[in-house]
Every structure is written in C-alpha cells, then in structure tokens.
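Show me how the following folds:
(2 chains)
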Amino acid sequence: MNDSIVVQARNVNFAFGEGEVRKQVLFDNNLDIRRGELVIMTGPSGSGKTTLLTLIGGLRSTQEGSLKVLGQELSGLTDRDRVAVRRRLGFIFQLHNLFDSLTAIENVRMSMELHPYETADMVGRAREMLEKLGLGERIQYKPHALSGGQRQRVAIARALVNRPALILADEPTAALDKKSSRDVVDLLKALTREEGSTILMVTHDSRILDVADRIVNMVDGHIASDVAVRESLRIIELLKKSAVFKQLSPTEALNCAEKMSKEESPAQKVVFRQGDVGDKFYLIEKGAVDVIVGAGEAGRIVATLQAGDFFGEAALLTGETRNASILAREDCVFFTMSKENFQQTLASSETFEQQFRKVVFQRQSAG
Amino acid sequence: MAARVPLAWRNLTFNKRRLLVSMAGVMFAVILMFMELGYKNALFDSSYEMIRLLDADLFLISSAMDRTASNAEFPRRRLFQALENTEVASAVPLYMTLAGEWRNPEDGKRAGIRVIGIPADESVFLIPEIRTQQHLLRQPDTVLMDTQSRRFKYGRAEAGVLSELAGRTVQVAGVFSLGPTFAVDGTLVTSDHNFLRFFPGPQDPQPKLKSASMGLLRVRPGADLKSVQEALRGYLPGDVQVLTKPEMIAFEKDYWLKQSTIAPVFNMGAFVGFVVGMVICYQILFTDLSDQLPQFATLKAIGHSNRYLFQVVVTHSLFLSLVSFFPAVGCSYLLYEFLSGVTGLLMRMSVALILMMLVLTVAMCTAAGSIAVRKVLSVDPADLFR
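Modelled structure (predicted):
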C-alpha cells in the first residue's frame, strides 16, 4: 500500500442488527484519503457517513470489505488492537466532552497519558498546544469559565497534542456560532497543515466547506460523489474565463467541474493524433499545446493553445475522428471530461449547447 | 511515566455542594454502623464489666449457670472444699439476685434490681468506692447503690436515701459506679447478712446462706493458676465449674454472642447500615457518572482502557469513603459519649473498632463503585458520533 494513502476503503459494507432486523447502512464504499488532505464528508442524516467515520476510527468492528487506516488493516482486528489504532488517531466530537472538574491543560493531558511522555514534556507540550490555539492565558481555566468556542479549541488541543497522523472530526462546529466556527476550523486547518496531518471531517456546516480539499458526498449508504474541491474551484475559475463556458450558472459550472478529472502530459508528448477516435474533451490548466494538421513532414501547426483554452470537442460533437493532432509544447496539466459526460453536459442546457456550437463553428471556419 | 491527572479526586471535589451531600450520605451509613456495633460492643463490655471488677483469680459457679445474669446457685460447701487445696488462699461467696423489689422513693413505684451480697470484711470488688465503704454495710438494712442505675426506674442514687427493698425499709449508705447491662438496669451491694434479711428464701426455717451464686477464689502468690484450676476440677463435684477470670469473661461474651438473640439483631443492624451505605454510595456515583458519560466515552474513544476507567471510578469511591469516614468517626465519638452518659452502657470507641469500620466503609464504597462503574464500562464510544 502506498505510504501516502492514509485511509483506504475497498468495498466496505456495514449493517446494524441481525436476521429480520438487519439493516444495511453502508453499501460498497470505496475511498482513498491521501496524506495531508482535508476531506469533508457530507450527506443527509442517515446516509451512513457517521457509520463510515466510526469504522475508520476503529470504534466499530468492520464487517465486509477492506479498510486500511495508517497502514493497518482494520478488518479482523481484536477489540484490543482497535484500541491501539485509536491511540494513533485524533478525535474531535460535536460536543467538547471536557471534564468539568479538570482545567484546560488537564483535559488536554488526559489524551497524553496514553503515551510515554515525561511529566515536564507533557506539561510543556500541552501548554504549547493550548497557546497555539489562542488559550495561553486560560490553561488553568475549567470548562465552565470558557466560551463555547474556547471549549471546542481545548477539545481540539486534546485531539492534536499527540500529533496524530489522522484526525477524525464529527460536526466539530455544530454547537458554535459563525465566528467561532470559522476560527476553530481555520486553526484546525493551519495546525494540521503544519504537522502534515490528514483530516476527515463530517459536517453539515456549509459555512466551512471551503476549507476542504475534497468533499465526499454520501447518499443512502454509498459515496455518491468524491470531489476534489480545490480542483473543482480551479476548473470553475478556468471555465469562467472562457467565452464558451462563462454563461454557465454556478451550479452548471460545478456539475461540469465535478465530471472532470486531472491528467498530466510531459513536454513533447502527443496527446492524441489526427484520425484517432474522439473519447475526451480537454481543458488546459497549465502549459501550452500545438494543434497540428497533417502527419509527419506534411504536418503544420495551425494553432497554439494556452491555459484556459480547450480542445478535443469537435470529434465529440460530430462523431467523427480527430481532425488534428495535439502535441504538448511544454509540461501540461489538463482537466478532461469523458465523451458521455460531455454530451450530457451539453444536453443539460439548451442555450449552452447553442452557444457552444456557435463558438466551435466559428473556430472551424477560421481553421 | 509521567504524573497522572488526578481525575478521580477532581471529580470528587469539583462540585462542593454535591461533595457535601455525598459525604453526608456516606457518613449517615457509617454512623449507623458505628451505633449498631457500638451497642453490640456495649452489650458485651457491660456484661462482663462486673466480672472484670471482682477481686478473684478463679471463679466457682454452678454448672447450671449459663451466664452471670441467671440465678443458678451451688452449695456453699464447695467453697470449703476448695480451701482444702493449700494453694487457695481464700474463698469468698457472693450472693446475687436480679429480682430485688426496690421501691423508687421518688414515685413509689416498684421495680426489680440486682442485689449482690458480699461478706463485709472480705475484699470482693476492685471498685474503690465499695472497698472504702463496705464496712458501712455491717449496719442492718443498709446498701450501697450504683449511681449509674437507671434513675427513672429507681430514683436518685445518693447516700442517705431511704426506701424499701423486698418489703424492708432500707437506707443507702453510700454509692459507687459500675454501670448497667442489657439485662440489669441497676445494682445494689449489701452485706451477706443483710442479703439474708432481704431474701431469706421461701422454705428455709433456719435461714442460713447454704448456697452461693458465685465463689471468688484467690490463690497464694506464686501459685500456678492453671494447675490449681486443674486440681480443683479434679476433686470438686460436677455441680460446679472452675473458671479463670478470662474464661469467665469469655463465658459471658459467648452467651451474648451465641445464645442471646440480641447480638444477631445488632449485627443485622450493622449489615443494614452497610447495605444502605452501599445503595447511597451507588446512587451518588451513578449520578456522577451519568452526568459524565460522554466524557468517559471520549476517554474510551481516544484509547483509554476499561481498566483505567474502572480505576478512576473505584478510586473516586475510595476517596469518597475516606473523606466521609473521618468526620463520621468524630460524629460517632460524640454520639458514643452522649449515649454513654445517657444510658450508662459502655460505648467505647476502640482502635480495633475504628479499624474494622474503616475496612467496612472502604469495602462499602468500593463495592458500590465497582457496581456503578459497569455503566461506564458498557458505554459505546461509537455513540459519541451521531
């Protein structure tokens, strides 16, 4: 298994109860989370996202499928071994769950007692963590003397203080106001970035979706979409700059972005040749390509396309083979969309299709 | 390994009001147990207090006697027979009835009282007031009265009080302090001659003290008590038993422990106190833990073992038992003092009793803790995510 994959789920099924009352809540879920990613899992309640989170957190025994967390296969583990896995994770809950009887620093230390620290190190580290979370003045305060946001920050300190490679958070901002939510999430993100930690966060809070690198949407026990948000935002940005796509509504643009995947091409590589069957539509994120008509010596460059330009649409629109070859001029990054998705996207908006055909027609005539 | 966060102690002391209520609950149970066991001990201690204060190395009592508060007697001749052993220095008879009819001079009501007859010239009691005043008993119809006799029953115990005993006018010549038992509410000491005047015996035409309740033997200095006892047992008839003082005390205790129904009543009382304390303690801990279930579930989620949680809760209950125990000892001590004063029973707070109570209190609370902890152990950390 690739070291950079922190969570890998393969065909994970899960059911509560047995026999007549058996109710399956997870169906055939696959998920990869890479090191350093901040993944937000959303979905209607009852969609199984929390169940999946508890499975990843080693809080429930797996039933079917394979689930690897931090390199450890969880299926078939004893309860004891699952506890050992849990000690390597950081947990943040909807409620802070701090002991009212303990001060902030003592609450943080409760999670450090599981690890072999020296007392001085322990206190120093707990203090440092609270300071980073802006609670340096309040380390000796008990929870009732702290605000909701401060309490949740103590809980975050408790989760982060052991520098876990993976942090699981369940609605960490549900009990907080807008300002506190934002602070808490920004701090969480900044601190984990610093440590290179990975976060999987279940949330309904639309105010904080923008911090996500990826958004996994679950519906009826299945991962319905798994979107790299950073990429989607970049795609939408590119689409907005293009004459053809700028008419798309934000929703249409997002739909479009969600259907695209990233591809890379080194300099001097032929992306496709004239006469190939058209299977994909390309949007250039980075780099430049030459459009070449004719083969070998007879070939001539008819155009050079830059970042933000697109190509490969003609064969998809007409159903004919490629009418030109594409050669990467330099190292390129493309966002591509399959033929089916491309046609669906066109069909989804009449005005968009007309607009698109018009632009493409102009380009053809020019060529 | 780093110093641990004292979670159990923090949880116990965080809410001061709740702590006080909890302590009051546990203290109630501890004091209840102290009272029951104190009464039980008073029962034992009081029952042999008189024996302890008798000046004797060996005791002769009737074989039919099962305790000193019963009225079995033996032929006085046995005392002369005992003196045949050259190691026996003296043999003094002691006469006793529990049913002397005493008139309370304050209200005229009559009540049974213990009357002990002793030879006025012999050393019988170790109680100084008796030793210095027993010569007064040579006067006819005089008695010495125990000041701890129940006043409501017998009236004031004072030198000079005039009253009636067994139908005869009697004067209290002096007082002493002995104390009542569960079977005896008051005591009079008189001379053997006076005893005979008060209790001539129904069918005795020539009143003579033919039988005694107890014989007090003293052995010569340097004599071996055990071998004297063996020798006496060897030749005295089977209607008497020969006991040393510790054996007499054990004999008395044994009766109250095994024969009497009173000891089990107090044991049951102490047991009920224990159970009540356990229930109170369980309730306290259960409420505490219920309020903190998400916190404990969180500890479990982040990888703390059930063993650790068990430790936290049981330590919590242990601390609760300790912080409640010492004030409870103080309160019990004051109550003992008060009750001793009121009842005259020997309510003694001995080190052995305190240690036993400490063990019981700790057991009570930790047992409750280990029952209450099951709620914490069974909590599913997965339920924190919902």
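
Least confident secondary structure element in chain B?
strand B:211-212 (a mean of 86; mean pLDDT, DSSP states H and E).

Name the residues that touch that strand?
If you take Cβ atoms under 8 Å, 6 or more residues apart in numbering or on different chains as the criterion, strand B:211-212 is touched by B:60, B:73-76, B:79, B:93-95. No exception for glycine: its C-beta is placed from N, CA and C like everyone else's.

those strands in the stretch 251-386 of chain B, which residues are they?
Counting by DSSP state E, counting those that start in this stretch, no segments of the stretch 251-386 of chain B form strands.

Output the set of residues of it in proximity to chain A.
With the criterion set to Cβ under 8 Å from any Cβ of the partner chain, the stretch 251-386 of chain B comes near chain A through B:292, B:294-295, B:297-299, B:301-305, B:380-382, B:384-386.

Buried among the residues you listed? Make that a ChimeraX selection.
To isolate the buried ones among these in ChimeraX, judged by 16 or more other Cβ atoms under 10 Å in any protein chain shown, type:
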select /B:292,294,295,297,298,299,301,302,303,304,381,382,384,385
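
Next SSE downstream of the longest strand seen in chain B?
When chain B is parsed with DSSP state E, its longest strand is strand B:88-103. Counting by DSSP states H and E, the next helix or strand C-terminal to strand B:88-103 is strand B:110-118.

for that following strand, packing partners?
Applying 3 or more Cβ pairs under 8 Å, 6 or more residues apart in numbering or on different chains; DSSP states H and E, we find strand B:110-118 packed against strand B:88-103, helix B:151-154, strand B:187-191, helix B:192-198.

which stretches of the stretch 51-200 of chain A form helices?
A:79-86, A:104-112, A:119-132, A:148-160, A:178-195 (DSSP state H, counting those that start in this stretch).

Residues touching the second one, excluding its own?
Read that as helix A:104-112. A:98-99, A:102, A:122-123, A:125-127, A:129-130, A:135, A:138-143, A:146, A:154-155, A:157-159, A:161-162, B:2, B:5, B:7, B:10, B:299, B:302, B:304.

got a list of what residue A:29 touches?
Applying Cβ under 8 Å, 6+ apart, we find residue A:29 in contact with A:9, A:11-13, A:48, A:52, A:65, A:221-223.

circling back to that earlier point, so which of the helices and strands packed on strand B:110-118 comes closest to residue A:357?
Among the helices and strands packed on strand B:110-118, the nearest to residue A:357 by Cβ to Cβ is helix B:151-154 (118.4 Å).

Just give the number of residues close to the closest residue in space to residue B:279 that isn't next to it in sequence.
Distance criterion Cβ to Cβ, 6 or more residues apart in numbering or on different chains; nearest residue to residue B:279, sequence neighbours excluded, is residue B:368 at 7.6 Å. By other Cβ atoms under 10 Å in any protein chain shown, 26 other residues sit near residue B:368.

hang on, residue B:368 packs against residue B:282?
Yes - in this structure residue B:368 lies within contact range of residue B:282 using Cβ atoms under 8 Å: 4.0 Å.

how about low-confidence regions in chain A?
Across chain A, the ranges flagged by pLDDT under 70 are A:1-3, A:364-367.

Just the buried positions in the longest strand of chain B, please.
Neighbour counts over strand B:88-103 (16+ other Cβ under 10 Å) mark B:88, B:90-98, B:100-103 as buried.

name the helices or strands packed onto that strand?
helix B:77-83, strand B:110-118, strand B:162-165, helix B:192-198, strand B:211-212, strand B:214-219.

Which residue would be the closest one in the stretch 151-300 of chain A to chain B?
residue A:170 (4.5 Å; Cβ to the nearest Cβ).

now the closest residue to that residue other than its chain neighbours: how far from residue B:175?
Nearest non-adjacent residue to residue A:170, counting by Cβ to Cβ, 6+ apart: residue B:385, 4.5 Å away. Going from residue B:385 to residue B:175 by Cβ to Cβ, to the nearest Å gives 80 Å.

What about residue 144, how many residues nearby?
Using chain A here. Using other Cβ under 10 Å, residue A:144 is surrounded by 9 other residues.

that's the wrong chain, I wanted chain B
Using other Cβ under 10 Å, residue B:144 is surrounded by 27 other residues.

helices or strands next to the host helix or strand of it in the packing?
Residue B:144 is located in strand B:142-146, with elements delineated by DSSP H and E. Packing partners of strand B:142-146 (3+ Cβ pairs under 8 Å, 6+ apart): helix B:128-133, strand B:168-176, strand B:187-191.

Repeat the analysis, applying 10 Å as the threshold.
For strand B:142-146, the packing partners by 3 or more Cβ pairs under 10 Å, 6 or more residues apart in numbering or on different chains; DSSP states H and E come out as strand B:88-103, strand B:110-118, helix B:128-133, strand B:162-165, strand B:168-176, strand B:187-191, helix B:192-198.

strands paired with that strand, and their directions?
strand B:168-176 (parallel), strand B:187-191 (antiparallel) (DSSP bridges).

So what angle separates the directions of the first one and strand B:88-103?
The one in question is strand B:168-176. With axes from the mean of the first three to the mean of the last three Cα atoms, to 10 degrees applied, the angle from strand B:168-176 to strand B:88-103 works out at 120 degrees.

about what we covered before: the residue nearest to residue A:170 reaches residue A:54, doesn't it?
Yes - between residue B:385 and residue A:54 there is a contact at 5.2 Å, judged by Cβ atoms under 10 Å.

quick one on the thing from earlier: any chance of the helices of the stretch 51-200 of chain A in TSV, plus mean neighbour count?
Output for the helices of the stretch 51-200 of chain A, formatted as TSV (neighbours: other Cβ atoms under 10 Å in any protein chain shown):
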stretch	mean neighbour count
helix A:79-86	16
helix A:104-112	25
helix A:119-132	17
helix A:148-160	25
helix A:178-195	17
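
element containing residue A:240, please.
Assessed by DSSP H and E, residue A:240 sits inside helix A:229-241.

Near chain B, which residues of the stretch 151-300 of chain A? Just list them.
Neighbours of chain B within the stretch 151-300 of chain A, by Cβ under 10 Å from any Cβ of the partner chain: A:155, A:158-159, A:162, A:164, A:168-171, A:202.

make it 7 Å
residue A:170 (Cβ under 7 Å from any Cβ of the partner chain).

Residue ranges of each domain in chain A, please.
Domain ranges of chain A: A:5-229, A:246-366, per automatic domain parsing.

what's near enough to touch residue B:174?
Residue B:174 makes contacts with B:129, B:133, B:136, B:144, B:159, as judged by Cβ atoms under 7 Å, 6 or more residues apart in numbering or on different chains.

Would you mind naming the residues that bridge with the fourth one?
When assigned by DSSP bridges, residue B:144 has beta-bridge partners residue B:174, residue B:189.

Quick check, it in contact with residue B:189.
Yes - shown here, residue B:144 and residue B:189 form a contact pair, counting by Cβ atoms under 7 Å, at 4.5 Å.

intersection of neighbour lists for those two?
By Cβ under 7 Å, 6+ apart, residue B:144 and residue B:189 have these common neighbours: residue B:130.

from the stretch 1-150 of chain B, which residue is nearest to chain A?
Closest point on the stretch 1-150 of chain B to chain A, by Cβ to the nearest Cβ, is residue B:14, at 3.4 Å.

Now that residue. Nearest residue, chain neighbours left out?
Excluding its sequence neighbours, the residue lying closest to residue B:14 (Cβ to Cβ, 6+ apart) is residue A:101, at 3.4 Å.

Just give me the residue right at the centre of the chain.
Unless you meant another one, I'm taking chain A. Nearest to the mean C-alpha position of chain A, counting by Cα atoms, centre = their mean, stands residue A:214 at 1.5 Å.

hm, I was asking about chain B
Closest residue to the average C-alpha location of chain B: residue B:42 at 1.9 Å, with Cα atoms, centre = their mean.

Much appreciated, bye for now.
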